[in-house]
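Asks: just to be clear, the model below is a prediction. Sequence and coordinates:
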Amino acid sequence: MAKTAIIPDKDALAKLGKSVRERLSADPGAYQIETDKADMFAIGDFLTPAECERLCIMIDLVARPSSLHELGYDAGFRTSYSGDLDPEDSFVKGISRRIDDLLGVNPIIGESIQGQRYLPGQQFKPHNDWFYTSEDYWKLERKRGGQRSWTAMAYLNNVEEGGGTHFTELGINIEPKAGVLLVWNNATPEGMPNEALMHAGTPVVKGTKYVITKWYRTRAWK
C-alpha cells in the first residue's frame, strides 16, 4: 500500500486559510480579486500618503542588497534592496497591528515587517512565498514558526513605469498604487502549498518602487 505524503502544517494552513478568507470576504473594504485558483484581496487606502512617505524614509535607512535562503544577491534573481523595520518602533508596531487586525490573526504568528526598494532595472524573478520543505533551509524554518500562510504587501508609491506584481500562473499583474494593501493565501483551501501563487516583482523601468511585506506563519514566529 502506497504511503500518503505528509504535508507539514497542512491542517493549520487549512484552518488559518478558512478563517482569514471568511473575515476578508465579509469586509466591505476588501476587494476580492477574481480568480478561482487562489484567495487574493486588495484593500485601497490602507495607508495614508503621510504613512507611505514615512515608511519610504525608514526603508532607505535599513535597505541592504536582498538575498534568499539558497541564492545570494549576485545571482541576479532578487536584485532589490530590503531590510526589516524595527518591530519595537511605535509607528511600525501600529502598522503591523492594523494588518493583524484586518486578517484577524494572532500577532505572534506574524514575521517582522520587511521593507523593499526597487530602482530602475531591479526585480524579483518568479517565486513562491511558501517554503519548499524538501530544501535544507526548512529544518530551520520549521522551528521558527513553520510554513508561511498569508502574505500582506503594501505599495508605498506610484511607480512611473514597470514594477508590477505579476502572478505568472494566474495571468494577473497588479500595478503599484500608493496605500493599497494586497493580501493572498499561500495555501489552497485544503492546506497544500498553492503552486498558482508563483509571482514576480517585474523590473522597474522608470522611478523607484517601495513596498512593505509581512508574512504570517502557522505557529509562533521566532
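Replies: That came through fine. Residues are numbered from 1 along each chain as shown.
Asks: which stretches of this structure form helices?
Replies: Under the criterion DSSP state H, the chain carries helices at the ranges 10-25, 49-62, 90-103, 138-143.
Asks: who are the contact partners of the residue most central in space within the chain?
Replies: Among the residues of the chain, the smallest C-alpha distance to the mean C-alpha position (CA atoms, centre = their mean) belongs to Thr151, namely 3.5 Å. Under the criterion of CB atoms under 8 Å, 6 or more residues apart in numbering, the neighbours of Thr151 are Asp129, Val183, Trp184, Asn186, Thr213, Lys214, Trp215, Tyr216. Yep, even glycine has a C-beta here, placed from its N, CA and C like the rest.
Asks: got phi/psi on Tyr137?
Replies: In this entry, Tyr137 is assigned phi and psi values of phi -60, psi -20 (degrees, to the nearest 10).
Asks: if we can go back for a sec, how about the residue nearest to the centre of the chain: what's its closest non-neighbour residue?
Replies: Nearest in space to Thr151, with sequence neighbours left out and distances taken as CB to CB, 6 or more residues apart in numbering, is Asp129 at 5.0 Å.
Asks: list the beta-bridge partners for Val204.
Replies: Listed beta-bridge partners, Val204: Gly162 (assigned using DSSP bridges).
Asks: so what's it up against?
Replies: Taking CB under 8 Å, 6+ apart, we find Val204 in contact with Tyr118, Leu119, Pro120, Gly121, Gln122, Gln123, Val159, Glu161, Gly162, Gly163.
Asks: redo that, cut-off 10 Å
Replies: Shown here is Val204, whose contacts under the criterion CB atoms under 10 Å, 6 or more residues apart in numbering are 80, 117-123, 159-164, 176.
Asks: before I go, just wanted to say thanks for your time.
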